[in-house]
Structure formats: C-alpha cells, structure tokens
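In: Quick check, what structure comes out for this input:
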Amino acid sequence: MSQFRQNPISKHWVLIAPNRAKRPEQFSGAPVIHDTTPEIVTNCAFCVGNESKNAEIAKFPNNKDWQVRIIPNKFEALSHVPLSSQKEFYVSRSGSGDHEVIITRHHNEPIALQSISTVELTIHVLRQRYLDLAQHQHLAYIQIFHNHGKDAGASMIHPHYQIISTPMVPTGVHDEIMGCYHYFNAHQECIYCAIMKEEKKQQERVIFETEDFMVIAPYASRSPFETWILPKKHNANFEEISDKEITQLAYVLKVTMGQLFVKLSDPPLNFYLHTLPLAHAKHSGHDRRSFHWHLTIFPRLAYWSGFEYATGIPINPMTPEDATKFLK
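Out: Numbering: from 1, shown residues only. All right, here's what the predicted structure looks like:
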C-alpha cells in the first residue's frame with residue numbers, strides 16, 4: 001500500500017509506492033566481477049605520473065608516494081572573483097568561492113574497495129581542508145561531496161571528492177538547519193538525536209551501528225537505498241570530529257559503501273556531508289544545540305518524471321524497511 005511520509009526535519013513529503021517496485025535484489029544489475037582496470041591509467045589526469053597536468057595545493061604524504069592529493073578544479077563552478085551583489089527585481093551575487101578536488105591514489109579503487117587506512121587518511125585531509133577554507137571571512141558554507149558513476153554526475157572515473165565553498169548558505173542546507181532549529185525550540189532536543197532514539201526503539205531501519213555511529217535508512221527516504229550515517233555523539237560541526245571518530249567513520253563508510261557496491265552491483269551514487277555553517281556567516285538558525293552533522297549516501301536508482309517535477313514530491317518505489325533488510 002502506498003504511503004505519504006513526511007521528513008521530520010524539512011517537513012518535505014515523499015511518496016513510498018511499493019506497488020511500483022521491484023524487489024530489493026532486482027535493483028542490482030550484473031554481479032560485480034573482478035575489475036581488470038590497472039592502478040595507473042596513462043591518459044588519466046588524476047593518476048600518478050600526471051601530477052604536472054594539475055596545479056597542486058597539497059599532498060599527503062608530501063612525496064612521490066602520495067596517497068591523497070588536493071588540486072583546484074580546472075572546470076571550477078566558483079572562483080576567487082570580487083564580491084558583488086545586485087538586489088533589484090532579480091537578485092544576484094558574484095560566483096565567488098572555492099572549488100577543489102581531493103584525489104586518492106589508485107585509479108581502480110572506488111571508496112568501496114579502498115583500504116580503511118586510505119579512507120581514514122582522506123577524512124583527515126577533508127577535515128584539515130575544511131579548517132583551512134573556514135579562515136576565509138567572505139565564505140558562509142563549505143560543502144564536501146563525492147560523485148561515483150556517470151549517472152551520478154562523475155566526469156572522471158578516477159576516485160575523488162570535491163569541496164565547494166559558497167558565500168551564502170545553500171537553500172537546501174538552510175531549510176534543514178531551520179527545521180532542526182524549530183524542533184529544538186519546541187522540544188529542547190536535537191532532532192537527529194531524537195531520530196536515533198526512535199530508530200533504536202523501532203529497529204526497523206537501523207542497518208548497523210558501532211560505538212560512535214549509527215547507519216539508517218531514513219523514514220522518509222527519497223530514493224531506493226538512501227542511507228544516513230549519523231554520529232551518536234551530538235556535535236553540530238564536522239570539523240570538530242576527533243581522531244578516534246575519524247578512525248571509526250572510515251570503517252563505517254567503507255562497510256556501507258562496500259554493501260551498496262556488492263549488493264547493488266556498483267550503483268551510481270552521491271554522498272554529501274552536512275554541517276553547521278561557518279560561525280561568521282551569522283545564519284539565523286546558527287545554534288550548536290539544534291544541528292547535528294551527518295553524511296547522506298544517495299544511490300541514483302530512481303528518476304524524476306512529471307509528478308515529481310510538478311509537485312516536488314519524490315516517488316520512492318522501495319520502502320526503507322525493505323532496503324534495511326536487504327542491506328543488513
């Protein structure tokens with residue numbers, strides 16, 4: 001039976017319509033076979049040996065055996081241009097900000113196949129780069145994300161993450177922050193902490209958990225196998241993650257991505273991290289008590305059509321409860 005479900009944070013609706021669904025296992029394609037792609041591809045601009053093709057911001061370790069490398073995006077969405085804005089009938093601002101790429105070493109190792117130590121080093125680098133960019137007083141928000149697969153917007157096969165910093169808080173992030181802020185003012189509790197308590201009680205959508213993290217299929221999943229990774233300790237700011245938490249997050253991310261890789265035959269996906277805007281941005285909902293940083297993994301297995309574009313309500317043919325059973 002179909003059911004409208006409301007996201008308790010944003011108040012946005014989704015339509016869970018299992019009558020339109022295939023069974024969970026039918027979302028996987030051909031079994032993943034051994035990949036014969038080499039570690040280094042000579043015509044890949046991100047591969048070892050082609051370092052001179054890109055300007056370099058930093059690499060770790062800082063020698064020829066680097067495992068993680070930061071470069072500016074050659075096809076940047078934002079750049080360092082003078083700040084300007086216009087507020088007449090239409091409102092505009094200059095596209096000022098940063099757009100960087102974080103590359104891991106091996107061409108043939110998506111995150112699902114990387115060692116936990118590589119994932120851990122990458123998270124350390126992401127935290128440090130976040131702290132570096134946060135020093136820029138004209139920035140309001142720093143977005144970390146990853147695209148995997150052509151259908152998820154990845155223009156390069158070589159595994160990489162991206163960081164884009166913006167001079168304003170993006171609309172989707174703003175809506176989430178304000179939803180958290182209003183819930184806290186009404187209940188004196190972080191809504192993500194409340195969600196984890198409820199999911200622990202119901203045990204219908206908890207995929208797995210560790211000492212420091214819980215992995216769930218969200219109640220109002222927008223797409224099949226949407227997955228949230230939530231730190232159990234309340235903290236609004238990703239950049240304050242401890243070294244111990246980074247070690248555990250590396251394990252959790254590797255396992256979660258590995259499950260999706262194997263059980264869904266390496267699906268195209270995006271994941272992104274939401275954190276509180278920079279303190280100097282003076283966002284109206286800037287309250288460390290109400291927001292809770294988290295990571296969302298979004299496999300691209302369903303596509304919007306007329307109803308979704310007309311109403312803004314996604315149709316998800318897979319219940320999160322069935323997705324949880326399949327991924328456990």
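In: What are the boundaries of the strands in the stretch 51-200 of the chain?
Out: Applying DSSP state E, counting those that start in this stretch to the stretch 51-200 of the chain gives strands spanning 58-60, 68-72, 85-87, 91-93, 98-104, 141-148, 160-166.
In: which residues does the residue nearest to the spatial centre of the chain bridge with?
Out: Computing the C-alpha centroid of the chain and ranking residues by CA atoms, centre = their mean puts Tyr272 first, at 1.3 Å. Tyr272 forms beta bridges with Phe145, Thr296, as assigned by DSSP bridges.
In: Which pLDDT does the model give it?
Out: With respect to pLDDT, Tyr272 scores 98.
In: That one and Ser52, how far apart?
Out: 31 Å (CB to CB, to the nearest Å). C-beta here means a position set from N, CA and C on the backbone, and glycine is covered the same way.
In: And for Gln137?
Out: 33 Å.
In: Ok, Val119 next?
Out: 27 Å.
In: When those two are compared, which one has more neighbours?
Out: Val119 (22 against 8; other CB atoms under 10 Å).
In: For the nearest residue to that one once chain neighbours are set aside, give me its contacts.
Out: Leaving aside its sequence neighbours, Val119 sits nearest to Ala250 (CB to CB, 6 or more residues apart in numbering; 4.1 Å). Residues counted as contacts of Ala250 (CB atoms under 8 Å, 6 or more residues apart in numbering) are 116-117, 119-120, 122-123.
In: which of the residues you listed tops the neighbour count?
Out: Thr122 (25 neighbours).
In: nearest spatial neighbour of it, skipping sequence neighbours?
Out: Using CB to CB, 6+ apart, the closest residue to Thr122 is Val68 (5.4 Å).
In: which ones are touching that neighbour?
Out: Val68 neighbours (CB under 8 Å, 6+ apart): 59-60, 102-105, 118, 121-122, 125.
In: what about 10 Å?
Out: Residues near Val68 by CB atoms under 10 Å, 6 or more residues apart in numbering: 58-61, 102-105, 118, 121-126, 160-161.
In: Show me what it is bridged to.
Out: Under the criterion used (DSSP bridges), Val68 bridges to Phe60, Thr104.
In: Isn't Cys180 up against Phe291?
Out: Yes. Assessed by CB atoms under 10 Å, Cys180 is found in contact with Phe291 at 4.9 Å.
In: Looking at those two, which is more packed in?
Out: For Cys180 versus Phe291, neighbours defined as other CB under 10 Å are more numerous around Phe291 (30 against 24).
In: pretty sure the more buried one contacts His182?
Out: No. Counting by CB under 10 Å, Phe291 sits too far from His182 to count as a contact (11.7 Å).
In: Now for Phe261: which residues touch it?
Out: 32, 110-113, 148, 267, 269.
In: ok so, going back, which neighbours do Phe291 and His182 have in common?
Out: With CB under 10 Å, 6+ apart, Phe291 and His182 have common neighbours 9, 191, 285.
In: Throw those into JSON lines and include neighbour count and distance to Ser84, thanks.
Out: As requested, the shared contacts of Phe291 and His182 are arranged in JSON lines below (neighbours: other CB atoms under 10 Å; distance: CB to CB, whole Å):
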{"residue": "Ile9", "neighbour count": "21", "distance to Ser84": "33"}
{"residue": "Ile191", "neighbour count": "21", "distance to Ser84": "37"}
{"residue": "Gly285", "neighbour count": "20", "distance to Ser84": "26"}
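In: In helices only, show me these.
Out: Among the shared contacts of Phe291 and His182, DSSP state H puts Ile191 in helices.
In: Closest one to Tyr303 out of the shared contacts of Phe291 and His182, please.
Out: Nearest to Tyr303, judged by CB to CB, of the shared contacts of Phe291 and His182 is Ile9 at 24.2 Å.
In: okay, the closest one: pLDDT?
Out: pLDDT, Ile9: 96.
In: So it sits against His182, correct?
Out: Yes. Under the criterion of CB under 10 Å, Ile9 makes contact with His182 at 9.4 Å.
In: Quickly list what's touching both of those two.
Out: Common neighbours of Ile9 and His182 (CB under 10 Å, 6+ apart) are Ile191.
In: What separation is there between the residue lying closest to Ile71 once chain neighbours are set aside and Thr36?
Out: Nearest in space to Ile71, with sequence neighbours left out and distances taken as CB to CB, 6+ apart, is Asn54 at 4.3 Å. Distance check for Asn54 against Thr36: by CB to CB, it reads 26 Å.
In: likewise Pro72?
Out: 32 Å.
In: These two: which has the busier surroundings?
Out: Each of Pro72 and Thr36 has its neighbours counted (other CB under 10 Å); Pro72 has more, 15 against 6.
In: OK, contacts around that one?
Out: 54-57, 79-80, 98-101.
In: No further questions, thank you.
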